[in-house]
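K.L.:
need a 3D model of the sequence below.
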Amino acid sequence: MKRLLLDGPGALRWEDCPEPTLDSPDQALVRPVAVATCDLDPAVLQGRFPNPGPYPFGHEGVAEVVAVGEEVRTVAVGDHVVVPFQISCGACPACLRGHTGNCTAHPFMSTYGLGTMGGLEWGGLWADLTLVPHADAMLVPMPQGVDPVAVASASDNIPDAYRAVAPQLATDPGAEVLVLGGGAAPSIGLYAAGLAVALDSARVVYLDTDPERLSLAAKLGAEAVEGPSDSRVGRFPVTVEAAGGRRALIAAINATANDGWCTSVSVQTKDVPMPVFGMYSRCCTFHTGRAHVRPAIPAVLSLVAAGRFDPSLVTTTVVERTDSLEALLEAPMKLVAVH
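P.N.:
Reported below is the predicted structural model:
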């Protein structure tokens, strides 16, 4: 079979490799049908985020089940499923708490398509076939009528955005939301804005300097405000930092209201001094870290199936998989390849 290999910045190639096979009764083989870039992928391809290759590429996508082990009960051959990017067993203490990104049954940070950072043995989704080690625990069946292309990022980026707004709005219904958008996590910031609208926030403000992203935010129903991340636009019960860098992180914290929640979905590669006294004074809750995506995927798919949230608005490029190598090197914000 063929799979896409990332050798380093600006370097991708197709390679022939052996097909994976089932060697445990709880496994499944899937054929990816719509795969997407994560916000981290363009950064790696452009050399802005260090993640040395070579490694099998791709960790977001919808796939068709082509084989299942004898113990698999929740999916069957022919089903279309979302494949979470994190490997999780569903039975360890971390998984049972919903912390599937920290599954203790496998090496720390085990994921598809992220090289040594996630463990090379899992392969990637930009491939003819992918092995899923815990089919019942990991795979999420697609609702009828939902386009695989629309939710190809339900493996990672959409649930990442969901965790930044959904629990907060469940606790404080109607709370106003501020999203600091930008180039660090561009699609996640937009998904967060759209999900906040879908979850009935009374007001969603999306702040960014990029005209294309501002236009997309408006289409998602947010109030698009042009300006740098530290523009003063008020204080909000829920803030999301997706712009990256020290200035945006501090701005998001400072824009968080009394008893509010601030979530950073960008990857800060350098330590940032934080305004802890102000956070303490306002009782501000701050969260950062990798999203535990598996528990959020069904809720995301339900919002899409109900017509309340349309993630396809964030997709900027759709190509056939055979044309994806060239398209990936152009580094669009959100690329989906279909097979």
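
K.L.:
from now on I want contacts and neighbour counts done on CA atoms only, so please keep to that.
P.N.:
OK.

K.L.:
now do the strands in the stretch 201-339 of the chain.
P.N.:
204-208, 223-226, 236-241, 256-264, 285-288, 317-320, 335-338 (DSSP state E, counting those that start in this stretch).

K.L.:
which ones are touching residue 301?
P.N.:
Under the criterion of Cα atoms under 8 Å, 6 or more residues apart in numbering, the neighbours of residue 301 are 142, 143, 151, 154.

K.L.:
output the contacting helices and strands for the lengthiest helix in the chain.
P.N.:
For the chain, the longest helix by residue count, based on DSSP state H, is helix 157-171. Applying 3 or more Cα pairs under 8 Å, 6 or more residues apart in numbering; DSSP states H and E, one finds that helix 157-171 contacts helix 186-198, strand 236-241, strand 256-264, helix 297-305.

K.L.:
can you redo these as JSON lines with mean pLDDT?
P.N.:
Formatted as JSON lines, the helices and strands packed on helix 157-171 follow (pLDDT from 0 to 100):
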{"stretch": "helix 186-198", "mean pLDDT": "98"}
{"stretch": "strand 236-241", "mean pLDDT": "98"}
{"stretch": "strand 256-264", "mean pLDDT": "98"}
{"stretch": "helix 297-305", "mean pLDDT": "98"}
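
K.L.:
could you identify the most distant pair in the contacts of residue 301?
P.N.:
Spatial extent of these (Cα to Cα) is set by the pair 143 and 154 at 12.6 Å.

K.L.:
settle it for me: which of the two has more neighbours?
P.N.:
residue 154 (28 against 16; other Cα atoms under 10 Å).

K.L.:
now do that one against residue 1, distance only.
P.N.:
Residue 154 sits 25 Å away from residue 1, going by Cα to Cα, to the nearest Å.

K.L.:
same thing with residue 50?
P.N.:
Distance from residue 50 to residue 1, counting by Cα to Cα: 28 Å.

K.L.:
which SS state does residue 24 fall under?
P.N.:
Secondary structure for residue 24, judged by DSSP: H, G, I helix; E, B strand; the rest coil, is coil.

K.L.:
one step back: quick one: which of the helices and strands packed on helix 157-171 is nearest residue 324?
P.N.:
helix 186-198 (18.8 Å).

K.L.:
tilt between the closest one and strand 236-241?
P.N.:
160 degrees (axes from the mean of the first three to the mean of the last three Cα atoms, to 10 degrees).

K.L.:
so who does the nearest residue to residue 311 once chain neighbours are set aside touch?
P.N.:
Excluding the flanking residues, the one nearest residue 311 by Cα to Cα, 6 or more residues apart in numbering is residue 150, at 5.8 Å. Going by Cα under 8 Å, 6+ apart, residue 150 touches 310, 311, 312, 315.

K.L.:
residue contacts, residue 33?
P.N.:
61, 62, 63, 64, 148, 338, 339.

K.L.:
skipping its backbone neighbours, what lies nearest the second one in space?
P.N.:
On the basis of Cα to Cα, 6+ apart, the spatially nearest residue to residue 62 that is not a chain neighbour turns out to be residue 82, at 4.6 Å.

K.L.:
how long is stretch 261-271 from one end to the other?
P.N.:
OK, stretch 261-271 end separation, Cα to Cα: 20 Å.

K.L.:
and that stretch, how far out from the chain's middle?
P.N.:
With Cα atoms, centre = their mean, to the nearest Å as the basis, stretch 261-271 stands 15 Å off its chain's centre.

K.L.:
same check on stretch 25-39?
P.N.:
14 Å.

K.L.:
show me what counts as buried in it.
P.N.:
Within stretch 25-39, the residues that count as buried by 16 or more other Cα atoms under 10 Å are 26-39.

K.L.:
between the residues you listed, which is nearest residue 233?
P.N.:
Distances from residue 233 to these, taken by Cα to Cα, are shortest for residue 39, at 25.8 Å.

K.L.:
gap between that closest one and residue 144?
P.N.:
Distance of residue 39 to residue 144, given as Cα to Cα: 27 Å.

K.L.:
so where do the helices sit in the stretch 1-150 of the chain?
P.N.:
Using DSSP state H, counting those that start in this stretch, the helices found in the stretch 1-150 of the chain span residues 40-45, 93-96, 135-138.

K.L.:
and residue 322, which of the ones you listed is closest to it?
P.N.:
helix 40-45 (18.3 Å).

K.L.:
how many neighbours does residue 10 have?
P.N.:
Neighbourhood size, residue 10 [other Cα under 10 Å]: 15.

K.L.:
using the record's domain definitions, break the chain down for me.
P.N.:
2-156+291-338, 157-287 (the TED database).

K.L.:
returning to what we had before: between the contacts of residue 301, which is closest to residue 182?
P.N.:
Nearest member of the contacts of residue 301 to residue 182, counting by Cα to Cα, is residue 154, at 20.2 Å.

K.L.:
how far away is residue 277 from residue 113?
P.N.:
40 Å.

K.L.:
please say which of these two ends up with more neighbours.
P.N.:
Counted by other Cα under 10 Å, residue 277 and residue 113 do not tie: residue 113 has more neighbours, with 28 against 10.

K.L.:
that one and residue 123 touch, don't they?
P.N.:
Yes. With contact taken as Cα atoms under 8 Å, residue 113 and residue 123 are classed as touching, separated by 5.8 Å.
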